[in-house]
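Asks: predicted coordinates and the sequence they were generated for:
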Amino acid sequence: MEGKRKGLKNLGGERKKMENNKIAAILIATIMMMAIIAPAMATNSDANSVYKSSTCPVCPNKDANVSAIELQGIEKNEAIAKALKDEEFIKLKSVLAESGHAPQLGSATVAKIISEYSSATYVYLPFKAKDDPGFGGLGYIITEDGCRALATDFYEVNGETFVKIYYIDSNGEVVVEIRGVDWECWASCMALECSPPLPGPCVLCWELLTICVNAPNPITCGAAATCFGAFGLYCTWQCWS
Amino acid sequence: MSKRGLIASLGIILIYILVSLAVGRAITTTLTSALILLVALLIFIIIFENKIKIKLKRGKYWSALFSLYIFILFTFAVVMAFSYIMGGMQIPVIKRFLAFLGIFIPTVLVIAYLGKLMGLDKYLYIYEFRFMDFLKFLLIVIVGVIILGTGMIFLEQLGIVSWR
């Protein structure tokens, strides 16, 4: 009786072990699939675009019930004058000027934004950088609850576009916000890095993946996963700031 | 050469071509890259696949690792040769490869050492892992990613190499 019970216990252990192996196999297969699929999912229709293609600070939402009308004449001039007198606006203007940007007052635009909940007037003053192709912009929003200013500074490093966002905090200090990971940028980066027109280092990752599939063991699969993972980490760094 | 290995390699090359074309690469350059990859992979399957398997089966862990290194260097030579034939010797490409190998090889050494330390060297096939072994494997890979990724970032920060 005792022996029979032990036998049954062993059988249960074996089954558990097999189930664990199955789970491990599924997880490994998932990682391998992710390594392959991640770049494919990152397809970008514009072949020449740099990683940072989603640089619009506020992307339009097609479903949102919002309308914008560009203002002209006295209304426009009044809004610009109000912005130019505002303390936040003046502070941020000087920040952009210190970065080497010059305001383009003649190109300023004013829009009335009306949504189903509220309405606001938006003043946008573009800035031109001394050294092209960088540029900046100063936005000023006038609502019933108050006014806020926001500055953006677009600049290029090694052909890549970055954006800095400046605003004034509750203590009246200028805050620079560096954007977090832009996942669209990350996906584009992975696709571009790992499908080079000329053989680049990521070619080795694909080859290591094949070795892993053919001879799956800790050395080969560890090397392949690390190779793709390192490019993932690199792209995270690229798309962080 | 096993049938399974050939199918797997061709499958990976097909995905590689699809990814390249999907991101808007020219057909000629995509097919050139795929051809280089195919040549290197076939050479691997013929020469190294069984060597690594047999060495691991016999418990010759470091020897198997050495075979992998030889394969990586071999691939590097093949890719360089094709690069030279197709578009002339391109210094940035060579520089990138050398820099990558410079940090990749010590990284794989660390992965292998940690693998042995955690007792993963006794597995010939990764899908024979138990769940806890798999977690150990993941930990080792994360350590490898941090070393290699940080190395890549560091080299770019220093202005030694640009990966793009």
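Replies: Thanks, I have the structure now.
Asks: just the buried residues of stretch B:120-132, please?
Replies: Buried residues in stretch B:120-132, defined by neighbour count with 16 or more other C-beta atoms under 10 Å in any protein chain shown: B:120, B:121, B:123, B:124, B:126, B:127, B:129. For glycine as for every other residue, the C-beta is placed from the backbone atoms N, C-alpha and C.
Asks: dump the residue contacts of the residue most central in space within chain B.
Replies: Compute the mean C-alpha point of chain B, and by C-alpha atoms, centre = their mean the closest residue is residue B:72, 6.4 Å away. With contact taken as C-beta atoms under 8 Å, 6 or more residues apart in numbering or on different chains, residue B:72 is in contact with A:204, A:208, B:101, B:104, B:105.
Asks: ok, those residues vs residue A:148, which is closest?
Replies: Residue A:148 lies nearest to residue B:104 out of these, by C-beta to C-beta, at 48.5 Å.
Asks: can you report how many residues lie near that closest one?
Replies: The number of residues packed around residue B:104, counting by other C-beta atoms under 10 Å in any protein chain shown, is 26.
Asks: likewise residue A:85?
Replies: Residue A:85 sits with 9 neighbouring residues when counted by other C-beta under 10 Å.
Asks: with residue A:112 instead?
Replies: Here the count is done by other C-beta under 10 Å, and residue A:112 has 16 residues near it.
Asks: so it is in which element?
Replies: strand A:109-115 (DSSP states H and E).
Asks: and that strand, what other elements does it pack with?
Replies: Of the remaining helices and strands, those touching strand A:109-115 by 3 or more C-beta pairs under 8 Å, 6 or more residues apart in numbering or on different chains; DSSP states H and E are strand A:66-70, helix A:73-85, strand A:119-129.
Asks: the longest one: which residues count as buried?
Replies: Just to be clear, that refers to helix A:73-85. Neighbour-count burial for helix A:73-85, with 16+ other C-beta under 10 Å as criterion, is recorded at A:76, A:79, A:80, A:82, A:83, A:84.
Asks: redo those residues as a markdown table? Include pLDDT and distance to chain B.
Replies: Formatted as a markdown table, the entries for the buried residues of helix A:73-85 read as follows, by pLDDT from 0 to 100; distance: C-beta to the nearest C-beta, whole Å:
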| residue | pLDDT | distance to chain B |
| --- | --- | --- |
| A:76 | 83 | 41 |
| A:79 | 85 | 42 |
| A:80 | 86 | 41 |
| A:82 | 85 | 44 |
| A:83 | 85 | 39 |
| A:84 | 86 | 40 |
